[in-house]
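Peer 1: Pasting a predicted model and its sequence here:
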Amino acid sequence: MTTRLSAKRQSNHKKNNHKQSDHKLSNHRKHRARRVLTLGTIGALAFGASVAAMASAAGPSTTAAADCASGITFTRSDTSAAVGDNPRHVVTGDLDGDGNADVVAADNDADAVSVLLGTGDGTFGEATAYTVGDKPYQTVIADLDADGSPDLATADFDGGTVSVLPGNGDGTFGDATRYTVGGGARSLVPGDIDGDGNLDLAVAEESGGGVSLLLGDGTGSFTVDLEAVTVTRPHGLALTDFDGDGDLDVATASVATAGGVSVALGNGDGTFGDVTQYASVARLYSIAPGDFDGDGETDLATISNGSNTLEIFTGNGDGTFDDSVAYTTSALPVSVNAADLDGDDVTDVLVSSLNGDSVTVFQGTSGGALTELAELTGDGAYEAAAADLTSDGTQDLVVASSADDQVDVFTGSCD
């Protein structure tokens with residue numbers, strides 16, 4: 001079912017259920033290539049055989065930013081694009097093959113996703129809504145049926161389902177097929193988990209207490225493997241190669257009182273080894289992989305809405321991580337994403353804070369420490385994703401405004 005949304009809509013209240021309910025990475029060592037198609041996610045961006053929490057099929061690259069050696073500045077555009085009720089997460093990709101970055105928002109209270117086709121100048125056409133499962137929380141874009149056109153999949157929190165919508169290659173999508181998984185589906189990530197050359201999906205289930213797999217057959221159909229990895233209340237999910245063996249590994253961020261990051265190394269056949277836990281602050285809400293210190297190894301960034309904290313876990317390249325280094329964020333951070341915003345080949349960090357009504361931009365440095373570059377005002381900011389929305393070679397930001405039922409655009413420019 002598809003519906004058109006009005007071009008402009010404003011709502012001056014935050015949704016009451018926010019507080020309760022509730023990536024360019026470095027040029028990584030390449031071992032054996034896995035079929036993974038990703039584009040500025042989740043948002044999160046991918047490298048080599050790795051995937052972060054958002055993905056895209058072929059389209060305008062957001063993994064290579066213009067070289068802004070002197071710095072980058074983001075300016076809020078005076079136009080916003082209306083989407084459905086209570087958008088949570090956004091993801092970008094070229095959905096219609098015109099070379100422009102498009103946006104998909106997960107409209108949590110509308111049980112739908114909104115598709116915004118980009119014009120290449122930072123604006124979008126009227127949104128089209130596609131019905132999915134109950135309370136969609138996150139969306140990914142990937143060619144799940146190997147036909148060369150991007151498809152969509154959503155993690156449906158209340159429905160305990162994953163909805164898959166086949167793409168037609170022109171920016172439109174077919175009806176959703178729903179797959180039942182465990183309770184409280186939160187984060188969703190695509191990747192070839194079992195090494196058969198077909199894209200699979202991994203989903204973190206907060207209520208189910210694990211990570212379930214949807215193993216793809218290459219035609220867009222999936223077989224569900226429930227709770228393939230058992231962890232406590234996973235809210236954030238990353239799927240990437242932490243130990244350099246070419247197999248996709250799993251990391252989750254726990255929203256439990258004790259918090260914690262859990263890492264399970266993949267065997268390359270759809271199974272995983274034992275879970276290793278890393279201590280953190282309480283109530284981790286999101287996780288993103290990236291090379292935040294420029295050493296060529298994968299690190300992890302997490303955020304806690306229980307303590308307004310960003311934590312960076314430095315990776316050692318063998319699947320293990322050092323103790324975290326903490327940074328203060330604005331009030332109630334709910335999403336962390338990673339992208340190379342300034343083109344220096346070191347991953348930067350985007351933290352969206354719901355009660356702080358802001359997106360904080362942290363710059364990754366070769367020395368290892370993050371530097372806060374800017375705090376951008378965004379009413380009810382739930383997630384920021386990076387893409388070149390204006391076709392000038394510089395990274396821009398699109399932000400889900402859960403309070404105003406719209407997505408806001410911040411255009412990037414080199415200083």
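Peer 2: Looks like it came in fine.
Peer 1: and the nearest residue to residue 219 once chain neighbours are set aside, how many neighbours?
Peer 2: Excluding its sequence neighbours, the residue lying closest to residue 219 (Cβ to Cβ, 6 or more residues apart in numbering) is residue 145, at 5.4 Å. Heads up, the C-betas are built off the backbone N, CA and C, glycines and all. Other residues within reach of residue 145, judged by other Cβ atoms under 10 Å, total 19.
Peer 1: Name all residues that make contact with residue 145.
Peer 2: 151, 166, 218, 219, 220 (Cβ atoms under 8 Å, 6 or more residues apart in numbering).
Peer 1: for it, phi and psi?
Peer 2: phi -110, psi 10 (degrees, to the nearest 10).
Peer 1: mind checking how far it is from residue 96?
Peer 2: From residue 145 across to residue 96, the span is 17 Å (Cβ to Cβ, to the nearest Å).
Peer 1: do the same with residue 121
Peer 2: Taking Cβ to Cβ, one finds residue 121 at 16 Å from residue 96.
Peer 1: repeat for residue 359
Peer 2: Where residue 96 is concerned, residue 359 sits at a distance of 27 Å (Cβ to Cβ).
Peer 1: So for the two, which residue has more residues nearby?
Peer 2: Counted by other Cβ under 10 Å, residue 359 and residue 96 do not tie: residue 359 has more neighbours, with 27 against 21.
Peer 1: Can you list the strands that the helix or strand containing that one pairs with?
Peer 2: For residue 359, the host element (DSSP states H and E) is strand 358-363. Paired neighbours of strand 358-363 in the sheet (DSSP bridges): strand 348-353 (antiparallel), strand 371-377 (antiparallel).
Peer 1: can you give me the mean pLDDT across the first one?
Peer 2: Per-region confidence: strand 348-353 scores 98 on mean pLDDT.
Peer 1: Tell me how far that strand lies from the chain's centre.
Peer 2: 11 Å (Cα atoms, centre = their mean, to the nearest Å).
Peer 1: one step back: return the most buried member of the strands paired with strand 358-363.
Peer 2: When the strands paired with strand 358-363 are scored by mean count of other Cβ atoms under 10 Å, the highest mean neighbour count falls to strand 348-353 (a mean of 28).
Peer 1: I figured residue 391 was touching residue 98, is that so?
Peer 2: No. Using Cβ atoms under 8 Å, residue 391 makes no contact with residue 98, being 10.6 Å away.
Peer 1: shared neighbours, these two?
Peer 2: residue 120.
Peer 1: how far away is residue 302 from residue 327?
Peer 2: As for residue 302, its distance to residue 327 is 11 Å (criterion: Cβ to Cβ).
Peer 1: Of those two, which one has the most company?
Peer 2: residue 302 (30 against 20).
Peer 1: quick one: the more buried one from residue 263, how far?
Peer 2: Residue 302 is 12 Å from residue 263, by Cβ to Cβ.
Peer 1: With residue 145 instead?
Peer 2: 30 Å.
Peer 1: go on, residue 287?
Peer 2: Where residue 263 is concerned, residue 287 sits at a distance of 10 Å (Cβ to Cβ).
Peer 1: Which residues does residue 153 form beta bridges with?
Peer 2: residue 140, residue 164.
Peer 1: which residues touch it?
Peer 2: Neighbours of residue 153 in contact, by Cβ under 8 Å, 6+ apart: 139, 140, 142, 144, 162, 163, 164, 165, 188, 190, 201.
Peer 1: quick one: which of the residues you listed is nearest to residue 233?
Peer 2: residue 188 (16.4 Å; Cβ to Cβ).
Peer 1: tell me which element the closest one is part of?
Peer 2: strand 185-191.
Peer 1: In contact with residue 171, which residues?
Peer 2: Contacts of residue 171 by Cβ under 8 Å, 6+ apart are 95, 96, 102, 115, 117.
Peer 1: Next, give me the two most distant ones among these.
Peer 2: Longest span within those, Cβ to Cβ: 96 and 115, 9.4 Å.
Peer 1: joint contacts of these two?
Peer 2: Jointly contacting residue 96 and residue 115 under the rule Cβ under 8 Å, 6+ apart are 102, 171.
Peer 1: Residue 279: neighbouring residues, count only.
Peer 2: Counted with other Cβ under 10 Å, residue 279 comes out at 11.
Peer 1: Then residue 324?
Peer 2: Neighbours of residue 324 under the rule other Cβ under 10 Å: 21.
Peer 1: Okay, now the unreliable bits of this protein?
Peer 2: 1-65 (pLDDT under 70).
Peer 1: and the angle from the biggest strand by length in it to strand 348-353?
Peer 2: Secondary structure assigned by DSSP state E gives strand 72-82 as the longest strand of the chain. Going by axes from the mean of the first three to the mean of the last three Cα atoms, to 10 degrees, strand 72-82 is angled at 50 degrees with respect to strand 348-353.
Peer 1: What are the contacting residues of strand 72-82?
Peer 2: 5-9, 103, 116, 122-124, 127, 341-342, 361, 373-374, 376-378, 394-397, 401, 404-415.
Peer 1: buried sites along that strand?
Peer 2: By 16 or more other Cβ atoms under 10 Å, the buried positions in strand 72-82 come out as 72, 74, 77, 80, 81, 82.
Peer 1: and what of stretch 147-164?
Peer 2: By 16+ other Cβ under 10 Å, the buried positions in stretch 147-164 come out as 147, 149-164.
Peer 1: before we move on, what about stretch 163-175?
Peer 2: 163, 164, 165, 166, 167, 169, 171, 173.
Peer 1: from those, which is closest to residue 274?
Peer 2: Distance to residue 274 across the buried residues of stretch 163-175 (Cβ to Cβ) is lowest for residue 164, with 30.5 Å.
Peer 1: Tell me who's in contact with the closest one.
Peer 2: Contacts of residue 164 by Cβ under 8 Å, 6+ apart are 144, 151, 152, 153, 176, 177, 178, 179, 220, 222.
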